[in-house]
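>>> Quick one, fold the following:
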Amino acid sequence: MKRQICNCIRLSVIDFVFLFCVATGIVFAQEGKVVSSYGPTNQDVSFEQIKAGRMAVKAERAKQHKDLLNSRYDLSKKTSKDIYMSGGKTIPEGPTANLHGISWEQLNNMTPAQIKEKGIFPYKPLPFPDHAEGGMLFPEMITKLLLRLVRFDIDFDLPEYVLPDPFPALYLTTRPDLGDIAKGRLITIDNYYEIFNGILNPKQLEGLRLLVTQFPQQQFNATEDRRTDRPSLGVTCFDCHANGHTNGATHLVGDIRPQEFRHRIETTTLRGVSIQQLFGSQRAMKTVEDFTEFEQRAAYFDGDICMAVKKGVNVLERGSQVQYMAEFLAILDFPPAPKLNIYGKLDQAQATPSELRGESLFNGKAQCASCHPAPYYTDNSMHDLKAERFYKMELDNGMMMAHDGNIKTFPLRGIKDSPPYMHDGRCFTLEDIVEYFNLIQQLHLSSEEKKDIVAFMRTL
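Just a heads-up that it's a prediction; the model follows:
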C-alpha cells in the first residue's frame, strides 16, 4: 500500500507540465476568448474536423499571399547564364522588388521618413504563407522527393529559382581532398551510412545518423492536430538543412507572442559552424550544442513546451547525442572560393576588375566589412538595423510589420549558394540585398557600384 501511494505521487517534471497544460487547455476552450501564450493541447475536435477547417480557408489565404508577393516582387524567372552554386544550380538575378513607379535613384535621394510616409519601402518584413497558422513548411523540390513532408493545408510560396540547390554540395574540413561528398545526392537515413562509413569517425557517424532521423514536430507527428494526412514520425534536422546546408524551408520563430508579431525565418546554412560563436538568427545562443538541444526541446514545437510533451518531445542526451551531432556539424566546410587568398581576400591575379572594385567598395564606401570582415565575413555579433525607420507598423496578411530587432551577422562565405536572403528571405537575390543595405545605410551607391559589390560577393 505504501509503495502504491509513493508511485502515485512520484510525478516527473514532464508529467507535471503535461497535466498543467491539459488543465490550462480546458480553461481556454471554455472561455474561448483568452489570448494565450499556450496552444490548445486538449483538442475537443477530431482530425477530420481540423482538416476540414484548414482546407476551408486554404485557397483564400493562398490567394491573399500570392497577391502580396506579386505586389512586392517581379517573380518572372531570371537566372545567371554563367554563375552557378557549388552544387551546379544557376543563381537567381535581380533586383526583384517592384518599385511601383519610382526608381532606385529616386529612393536613394529620399529620407527614411519620406519613404515611410509614402509607403514605398520595397523590402518590408515577409509574412509566412499563412501567418495565422505558421509551422514548418518545405519547398516542392523537397516534398516531391520526401512525400512525408507534404502538408495538406499550406503550399510553399517562393519560386524554385530563388531557392538553394535541392542537392547541395557537402564539404568536410577533415577531408578537403574529397571535394563535394554528396555528388548530387540528398543525404538521408537511407544512404548516410553507405556514403560516410570510412570517412567519419564513429562519433561523427552517430551524430549524422541523429541528424537524418525523424523526431516529432508540431505539424509532423501522430496527434489529431497534425498537418499531414497520415500520422508522422516527424522531421529530421537535414529535412531543412539539406546536406548540412539549406533548402529554403521556412518557419516562424518560437520566441515571440502573439502570433502576428512572430517573424518568418528561413533555414540558414550549417556550413562553417566551427567558426561561429552565435547560433540562431536572433536568439544569440552561444554554442551549437545549445542550439541543437533548443531545437528539439522547443523550436520544433513553436516554442510551446506543453505541445512538446503532447506530441512526443525527443529529449536528447547532452553528453553523447548532442555532442555527437555537434561533432559532425563542426566539420561542415564552406564551399571552395578559388579567387580568395589565405587571408580570405581576392587574389589580384585571378580577380576581374569589377570584382576588385567591389572588394574595395565592400571594405570602404559600402561599409559591409564593418560587420562582415574577412576571412569568413562575419563579426560573430548581432546588430539592429532599425529598418522600421522605413515602413509603418501595420498588419499585412496576418503579420505585423514591426521591428526586426537584433539579427546575427551571418557569414558571407559561400553566399551565392544561399538565396533568399535576410533572416526572413525578403531579399531574393544578391542584387536585392545590395539595394536593401544601400537604403538602410543610406549609402547612395551608383548602379555600377552596386553591380561591382554583387560581383565581389559571388566570389566569396
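>>> Could you use CA atoms for every contact and neighbour count after this?
Noted.
>>> which sections of this structure are below the confidence cut-off?
Low-confidence segments of the chain (pLDDT under 70): 1-34, 283.
>>> which residues in the chain form strands?
79-84, 90-92, 250-252, 264-266, 382-384, 395-396, 399-400, 406-408 (DSSP state E).
>>> I'd like to know which of those strands is closest to Lys144.
Taking C-alpha to C-alpha as the criterion, strand 250-252 is the member of those that comes nearest to Lys144, at 16.6 Å.
>>> now the lengthiest helix in the chain, how far from the chain's geometric center?
The helix that spans the most residues within the chain, counting by DSSP state H, is helix 47-72. Computed by C-alpha atoms, centre = their mean, to the nearest Å, the chain-centroid distance of helix 47-72 equals 22 Å.
>>> Could you pull out the buried residues of it?
Buried positions in helix 47-72, judged by neighbour count with 16 or more other C-alpha atoms under 10 Å: 47, 51, 54, 58, 61-62, 65, 68-69, 72.
>>> Stretch 99-117 now?
99, 107-108, 112, 114-116.
>>> Now do the contacts for the closest residue to Thr213 other than its chain neighbours.
Distances taken as C-alpha to C-alpha, 6 or more residues apart in numbering place Thr236 nearest to Thr213, at 5.3 Å, with adjacent residues excluded. Neighbouring residues of Thr236 by C-alpha atoms under 8 Å, 6 or more residues apart in numbering: 211-215.
>>> Against Gln323, how distant is Thr236?
Distance, Thr236 to Gln323, by C-alpha to C-alpha, to the nearest Å: 17 Å.
>>> go on, Phe238?
In terms of C-alpha to C-alpha, Phe238 sits 17 Å off from Gln323.
>>> Of these two, give the one with the bigger neighbour count.
Phe238 (23 against 20; other C-alpha atoms under 10 Å).
>>> Bridge partners for Cys427, pull those for me.
Tyr421 (DSSP bridges).
>>> Do I have it right that it meets Pro420?
Yes - the pair Cys427 / Pro420 is scored as a contact, 5.8 Å apart, by C-alpha atoms under 8 Å.
>>> Nearest residue to Phe328 in space, ignoring adjacent ones along the chain?
Leaving aside its sequence neighbours, Phe328 sits nearest to Gln204 (C-alpha to C-alpha, 6+ apart; 4.7 Å).
>>> Tyr324 is in contact with that neighbour, correct?
Yes - counting by C-alpha under 8 Å, Gln204 touches Tyr324, with 5.7 Å between them.
>>> Going along the chain, name the helices of the stretch 51-200 of the chain.
Taking DSSP state H, counting those that start in this stretch, the helices of the stretch 51-200 of the chain run over residues 104-108, 112-118, 140-143, 192-196.
>>> can you redo these as CSV with distance to Tyr436?
CSV is the format used below for the helices of the stretch 51-200 of the chain (distance: least, C-alpha to C-alpha, whole Å):
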stretch, distance to Tyr436
helix 104-108, 11
helix 112-118, 12
helix 140-143, 28
helix 192-196, 39
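>>> Nearest to Asp404, out of those helices?
Between Asp404 and these, the tightest spacing by C-alpha to C-alpha is seen for helix 112-118, at 15.7 Å.
>>> contacts for that closest one?
By C-alpha under 8 Å, 6+ apart, the list of residues contacting helix 112-118 reads 107, 121, 389-392.
>>> would you put the C-alpha positions of that helix in CSV?
These are the backbone C-alpha positions of helix 112-118, laid out as CSV (Å, rounded to 0.1, in the frame of the first residue of the first chain):
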residue,chain,number,x,y,z
PRO,A,112,13.7,57.3,-44.3
ALA,A,113,10.8,59.4,-43.1
GLN,A,114,9.7,60.2,-46.6
ILE,A,115,9.9,56.6,-47.7
LYS,A,116,7.9,55.6,-44.7
GLU,A,117,5.2,58.3,-45.2
LYS,A,118,4.7,57.3,-48.9
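>>> tell me the domain boundaries of the chain?
When the chain is parsed with automatic domain parsing, its domains come out as 2-42, 54-457.
>>> quick one on the thing from earlier: any chance of the contacts of helix 112-118 in TSV with distance to Pro164 as columns?
Output for the contacts of helix 112-118, formatted as TSV (distance: C-alpha to C-alpha, whole Å):
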residue	distance to Pro164
Leu107	30
Phe121	26
Arg389	31
Phe390	29
Tyr391	29
Lys392	31
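>>> quick check, nearest of those residues to Pro336?
Phe121 (35.7 Å).
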